[in-house]
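Visitor: Quick one: sequence and predicted model below, then my questions.
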Amino acid sequence: MLLTLARLTRRLDLQSGDRAIPLLVLRLPEFERIAWREGRPAARRLESATSAAFAQAAARSLRAGDVCAHDRRSDIYVVAMCAASRGSRAPAAMDCRATLERIAAAISQVRDLAISSGWTIVNGAVAGDLDRHIHVALERGAWERERHDFFSAVGHELRTPLTSISGYLETLLEERLDAATRRRFLQTARREALRLGRLLDGMFAFSLLDLSVSPSGLPACRLLAELDSAVEAIRPAARLRGMEIVRTPFPEMEVAIAPDACTQALGNVLQNAVKYGRECGTIGVSVECRTPFVCIAIDDDGPGIDAGEREAIFGLRVRGAAAEQRPGSGIGLALVRAMLRHVGGDIRVAESPLGGARFELTVPLAGRNR
Ligand code: ADP
């Protein structure tokens, strides 16, 4: 049975002051939009179906004495885990999150609505303060999700050098190579391992959530050297797919971005060209100076990207049509755009003369007033 929020407040007031009661909150902000778009009766029907799904899912996860609450026409659903059998020990955060996820999944089956959720611990009397606790719970939920996205991004970025290192090591183990090639492969693998270490150090400082912080000092690197290192790192993966990487020659130039950020941005786009490009196809890499910027174009002859999708794929956790049956997390391009914009550059996608996608990365030349 669902109580009203006012009755839930009274119920919580009756609890003894030293008990830690988890309060789980779900909010469905789209009710309002649905009412506006589809009319009040449709919004009410959806609300009662949602409330029924909420009550059923909550009943499956809860104990006797726990309480569920919702006010008609509000977009807030609350669970207070105040069953006496839980005692006064604070529950594990994992349990709260898992219960929230189960309830949210059940609600999503009614209709795929955006759900924000979160939890908090309430101690003792809360009269008149339920709104504040709901607010605190939802804020914590948003923060937890941001943190989760950030660490997924870190994991994704760490996988790039790891894949490259394993590719080189596998080739070294399986193929008969001359001493000079073996040495070159080992050097590349070692360079990637060092980059992995730097990424690990740097990632925790480079907060995806606060890219507004200005870079310390004025970073700069040599583009040709970084591009070479990114191409070498990706070559084993390209070879496995029978692809050729064709790099148009260009002179060395200094660009205003930190060396690791530069290799990482180029590496992400090259990795996508290998992943989404045509089997046994070609990847083209060319550079053009458009003072005060340098423009690096990475082309492939894969399926390309539909005009309607070209902006969306730079969003965090957005995967496009080509992503079907290819592993990924939709984070790489968002990170590349964030890194480039951070230094005053950018990335965009167009149609490639090779027939697939062309990613154009612009990076400011070093030593210019921007
Ligand atoms: P992921 O590859 O993990 O999905 P990204 O952020 O790197 O994430 O890319 C976002 C989406 O952009 C991909 O899911 C894919 O649909 C599209 N995409 C990226 N690169 C290419 C490419 N070279 N050719 C076709 N589609 C691409």
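Guide: Structure's in. What do you need?
Visitor: show me what contacts residue 237?
Guide: 163-164, 167, 271, 274 (Cβ atoms under 8 Å, 6 or more residues apart in numbering). Glycine gets a C-beta too; all of them are placed from N, C-alpha and C.
Visitor: Could you pick out the residues of this protein near the ligand for me?
Guide: 272-273, 276, 300, 302-303, 305, 313, 319-323, 328-334, 356-357 (Cβ under 6 Å from any ligand atom).
Visitor: among the residues you listed, which are in strands?
Guide: 300, 357 (DSSP state E).
Visitor: taking the residues of the chain next to the ligand one by one, which sit in helices?
Guide: Counting by DSSP state H, the part of those found in helices is 272-273, 276, 332-334.
Visitor: what element comes up after the lowest-mean-pLDDT helix or strand in the chain heading to the C-terminus?
Guide: Scoring the helices and strands of the chain by mean pLDDT, DSSP states H and E places helix 179-205 at the bottom, with a mean of 79. Sequence order places strand 221-222 as the next helix or strand after helix 179-205, per DSSP states H and E.
Visitor: Listing partners with orientation, what would you give for that next one?
Guide: strand 254-255 (antiparallel) (DSSP bridges).
Visitor: how far out from the middle of the chain is the partner strand?
Guide: Strand 254-255 has its average C-alpha position 29 Å from the chain's average C-alpha position, going by Cα atoms, centre = their mean, to the nearest Å.
Visitor: on that earlier part again, in terms of secondary structure, what does the least confident helix or strand of the chain contact?
Guide: The criterion is 3 or more Cβ pairs under 8 Å, 6 or more residues apart in numbering; DSSP states H and E, and the helices and strands that helix 179-205 contacts are helix 130-174, helix 223-240, helix 259-276.
Visitor: that older thread, buried subset of the residues of the chain next to the ligand?
Guide: Among the residues of the chain next to the ligand, those classed as buried by 16 or more other Cβ atoms under 10 Å are 272-273, 276, 300, 302, 305, 313, 319-320, 322-323, 329-334, 356-357.
Visitor: Can you give me the buried ones in stretch 22-38?
Guide: For stretch 22-38, a neighbour-count test (16+ other Cβ under 10 Å) marks 22-28, 30-31, 34-35 as buried.
Visitor: List the residues that contact residue 359.
Guide: 269, 272-273, 297-298, 347-349.
Visitor: Separate out the buried members of those.
Guide: Using 16+ other Cβ under 10 Å, the buried ones in the contacts of residue 359 are 269, 272-273, 297-298, 347, 349.
Visitor: which one of those residues is nearest the ligand?
Guide: residue 272 (3.4 Å; Cβ to the nearest ligand atom).
Visitor: what's the neighbour count on the spatially closest residue to residue 164 that is not a sequence neighbour?
Guide: With sequence-adjacent residues excluded and distances taken as Cβ to Cβ, 6 or more residues apart in numbering, residue 164 is closest to residue 233, at 4.3 Å. Number of residues near residue 233 (other Cβ atoms under 10 Å) recorded here: 26.
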